[in-house]
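1. fold the following, please.
(2 chains)
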Amino acid sequence: MQRALSISRQNFPEWYQAVVRDADMAEPSPVRGCMIIKPWGWGIWERMQALLDARIKATGHENAYFPLFIPLSFIAKEAEHVQGFAKEMALVTHHRLKEIDGKLVPDPEAKLEEPLIVRPTSETIIGDSFSRWIRSHRDLPVLINQWANVVRWEMRTRLFLRTSEFLWQEGHTAHANSEEAVEETMRMLEQYRAFAEDDVAMPVIAGEKPANERFPGAVATYSIEAMMQDGKALQAGTSHYLGTHFSEAQNIRFQNDSGELQYCHTTSWGMSTRMIGGVIMTHGDDDGLRLPPAIAPRQIVIVPMLRDKPEDAQVLEYGHALVKELSGKFALDEKIRVLLDTKHIKSSEKRWNWVRRGAPIIVEIGPRDVANGQVTFMRRDMLRDGDKVKSQAMARDEFVAKMPALLEEMQKSLHAEARTRMDSNIRSDIKTFSDLEAYFGAGSDDDAGEFKGWVRAGWAKPEGAALDAVDARLKALKLTLRNVPADGMKAGGTCIFGGGDAKEDILIARAY
RNA sequence: CGGGGCGUAGCGCAGUCUGGUAGCGCAUCUGCUUUGGGAGCAGAGGGUCGCGUGUUCAAAUCACGCCGCCCCGACCA
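-> The predicted structure is shown next:
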């Protein structure tokens, strides 16, 4: 069968790259590890920004912007934080170039007195501002978010999933006490969960990260974990309760109502362009990307069948009228986003380009549609019937009237499909470490592409050296601890790592 | 940074072992035909064969060095 993509999901990593390229989302840059985000990929990011930004504002936060450069001394203040990021920091040391022996080199006389780091995250520089902004309990809480780029010098990069420079939003808040800060941490975790499930149609499991997976400097880290179509877990958003670690390091204090000086309790939380990689691996198929309507830059793309003949004009006129009608309608609480693709390339080529890009509804209109007052269209989420592409004709008025409901249905159906896949691939019946080894093939690579999902098991929540030992045993199986699901203990029983009675459930999976 | 693979036209690849001056499919351009749909025929354009140095009469092919990409590790959102 002819597919829109040359590589199938059987070769998952290659398939992923093919989608990124063939769906016109992004391409590698001349700088190793960075990426050029092309209009279609950027359009998806803009949709995510719009939807998540609305949630961030609806929960009382304000956007602001802090600098890209951070004095080196700032990052050194919080011990764990430094340790966490030291290995992947980009540094600015000079402010001028000079030509020496015909080569442009950093001018030795233009060395910065204090080197600057390119932010890997902004806790320290925002904390510095907070220390000046906050004086009294009346100033609290401070609820700030910023949309920014950050740089982490990664060893191994993949477009969207892990790039040296990536885009994200980072929320930073300061509170009078731990209760309020923890509440904020959980509130934003829930916003990420809802954003992932409702807007991105990506089912996730929200929960607390085990101690060894915590953000450097955090008291507690929470995440949402999504299951990709190869069974691996993707951390798609994180929310951290930072306690007073950063406020103590940066002197973020306030006077309480009794006049005493106290340290603030702070939080931070982020969602990045990695989410786009999650969309690909959650919804993509062997014909390319499939976009949930809520995050599709164009929800309906109309391809006119042009033949360089007089009737082209009528087809185009019909198309323009259709655009006007559809874009006046609402779906998923927003105006429907429609495109009439008038580009002068072969109609068939256009159709397959939009299939690869994952436009939810692809409409084709030709002279006969015009004459009959109808449209022919395909649903990208149900593109094929067996091997054949499934397109259907519908009276134009009926089509226009049905679009809002259909787009909403597609949003739900993509979510349901992914939800079923995730739910049916989380096993709770694996109770011992030897069963875990047997399931994941004892760490060998010869599991021959067989789908391996996640394991949810009870554990005794070991700490310190005992936790490191568990981590090492899992590493041998290429497994990691993902999170402790927030929905309580379901697997329970005895600890899968042999530590006695289980205290809570833990998710175990291979991960990105 | 370690182990493996790879780098030849926009994309996918052959040619490399055994050195002789670059090819195939798709895409692109032109013309004609076709027209409910991933069209047919004919012609054309496009490549410092990743980069450099060496060996040789001659290098995509051999040697050495470097760079980049992919997979698996280490690290991580």
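2. secondary structure class for the residue of the stretch 1-150 of chain A found nearest RNA strand B?
-> RNA strand B sits closest to A:P13 of the stretch 1-150 of chain A, with a gap of 3.4 Å, by C-beta to the nearest atom of the strand. Every C-beta, even on glycine, is put in place using the N, C-alpha and C of the backbone. The three-state assignment at A:P13 reads helix, by DSSP: H, G, I helix; E, B strand; the rest coil.
3. tell me, how many residues neighbour it?
-> 10 (other C-beta atoms under 10 Å).
4. what's the per-residue pLDDT of it here?
-> We have a pLDDT of 85 for A:P13.
5. state the distance from it to A:A233.
-> 16 Å (C-beta to C-beta, to the nearest Å).
6. check which helix or strand the closest residue to RNA strand B within chain A maps to.
-> Nearest residue of chain A to RNA strand B: A:R368, at 1.8 Å (C-beta to the nearest atom of the strand). Element membership of A:R368 [criterion: DSSP states H and E] is helix A:367-372.
7. swap in A:F74?
-> helix A:72-75.
8. residues of that helix that come out buried?
-> A:L72, A:F74, A:I75 (16 or more other C-beta atoms under 10 Å).
9. mind giving me the packing neighbours of it?
-> helix A:79-85, strand A:111-118, helix A:123-133 (3 or more C-beta pairs under 8 Å, 6 or more residues apart in numbering; DSSP states H and E).
10. put the alpha carbons of the next helix-or-strand element following the shortest one into CSV.
-> Looking back up the chat, that one is helix A:79-85. Downstream of helix A:79-85, the next assigned helix or strand under DSSP H and E is strand A:90-94. Output of strand A:90-94 as CSV, limited to C-alpha atoms (Å, rounded to 0.1, in the frame of the first residue of the first chain):
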residue,chain,number,x,y,z
ALA,A,90,26.7,27.8,28.1
LEU,A,91,28.9,30.6,29.1
VAL,A,92,29.5,34.1,27.8
THR,A,93,33.0,35.3,28.5
HIS,A,94,33.8,38.1,26.0
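11. by how many degrees do strand A:90-94 and strand A:111-118 diverge?
-> 160 degrees (axes from the mean of the first three to the mean of the last three C-alpha atoms, to 10 degrees).
12. and strand A:90-94, does that touch RNA strand B?
-> No: figure legend: strand A:90-94 not in contact with RNA strand B (C-beta under 7 Å from any atom of the strand); closest approach 11.9 Å.
13. residues in contact with that strand?
-> A:69, A:72, A:106-107, A:110-112, A:115-118, A:151, A:153, A:164 (C-beta atoms under 8 Å, 6 or more residues apart in numbering).
14. which residues touch A:E184?
-> A:P141, A:L143, A:T173, A:H175, A:T267.
15. and it, helix, strand or coil?
-> helix.
16. what number of residues lie near A:E113?
-> 4.
17. per-residue confidence for it?
-> pLDDT, read off for A:E113, is 89.
18. which one (most neighbours) among the contacts of strand A:90-94?
-> Going by other C-beta under 10 Å, A:I117 tops the contacts of strand A:90-94 with 23 neighbours.
19. for A:F433, see how far away that residue is.
-> On the measure of C-beta to C-beta, A:I117 and A:F433 end up 41 Å apart.
20. equivalent analysis for A:S347, please.
-> Using C-beta to C-beta, we find A:S347 at a distance of 58 Å from A:F433.
21. may I have the helix or strand where A:N149 lies exported as PDB, CA atoms only?
-> Secondary structure assigned from DSSP H and E places A:N149 in strand A:142-151. Taking Å, rounded to 0.1, in the frame of the first residue of the first chain, the C-alpha atoms of strand A:142-151 are listed here in PDB:
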ATOM      1  CA  VAL A 142       3.800  36.800  43.800                       C
ATOM      2  CA  LEU A 143       2.600  34.900  40.700                       C
ATOM      3  CA  ILE A 144       4.800  35.300  37.700                       C
ATOM      4  CA  ASN A 145       5.100  33.400  34.400                       C
ATOM      5  CA  GLN A 146       7.500  33.900  31.500                       C
ATOM      6  CA  TRP A 147       7.600  32.500  28.000                       C
ATOM      7  CA  ALA A 148      11.300  32.200  27.000                       C
ATOM      8  CA  ASN A 149      14.100  30.200  25.500                       C
ATOM      9  CA  VAL A 150      16.600  28.300  27.600                       C
ATOM     10  CA  VAL A 151      19.800  26.600  26.800                       C
END
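22. name the helices or strands packed onto the helix holding A:R368?
-> helix A:312-327.
23. which parts of the stretch 401-512 of chain A are helices?
-> A:433-439, A:464-475 (DSSP state H, counting those that start in this stretch).
24. near RNA strand B, which residues of the stretch 401-512 of chain A show up?
-> Going by C-beta under 7 Å from any atom of the strand, the residues of the stretch 401-512 of chain A near RNA strand B are A:D445, A:K475, A:K478, A:A511, A:Y512.
25. ok, now with 6 Å
-> A:K475, A:K478 (C-beta under 6 Å from any atom of the strand).
26. in the stretch 401-512 of chain A, what spans have low per-residue confidence?
-> For the stretch 401-512 of chain A, the stretches with pLDDT under 70 are A:442-450.
27. quick one on the thing from earlier: for the contacts of A:E184, pick the one with the most neighbours.
-> Top of those by neighbour count (other C-beta under 10 Å): A:T267, with 29 neighbours.
28. next, count neighbours for A:A76.
-> Neighbours around A:A76, by other C-beta under 10 Å: 14.
29. go on, A:S29?
-> 15.
30. for RNA strand B, what are the nearby residues on the stretch 51-200 of chain A?
-> Checking the stretch 51-200 of chain A against RNA strand B by C-beta under 6 Å from any atom of the strand, the hits are A:K87, A:R152, A:E154, A:M155, A:R156, A:R158, A:R162, A:T163, A:F166.
31. biggest separation within the residues you listed, which pair?
-> Using C-beta to C-beta, those span at most 18.8 Å, a distance reached by A:K87 and A:R158.
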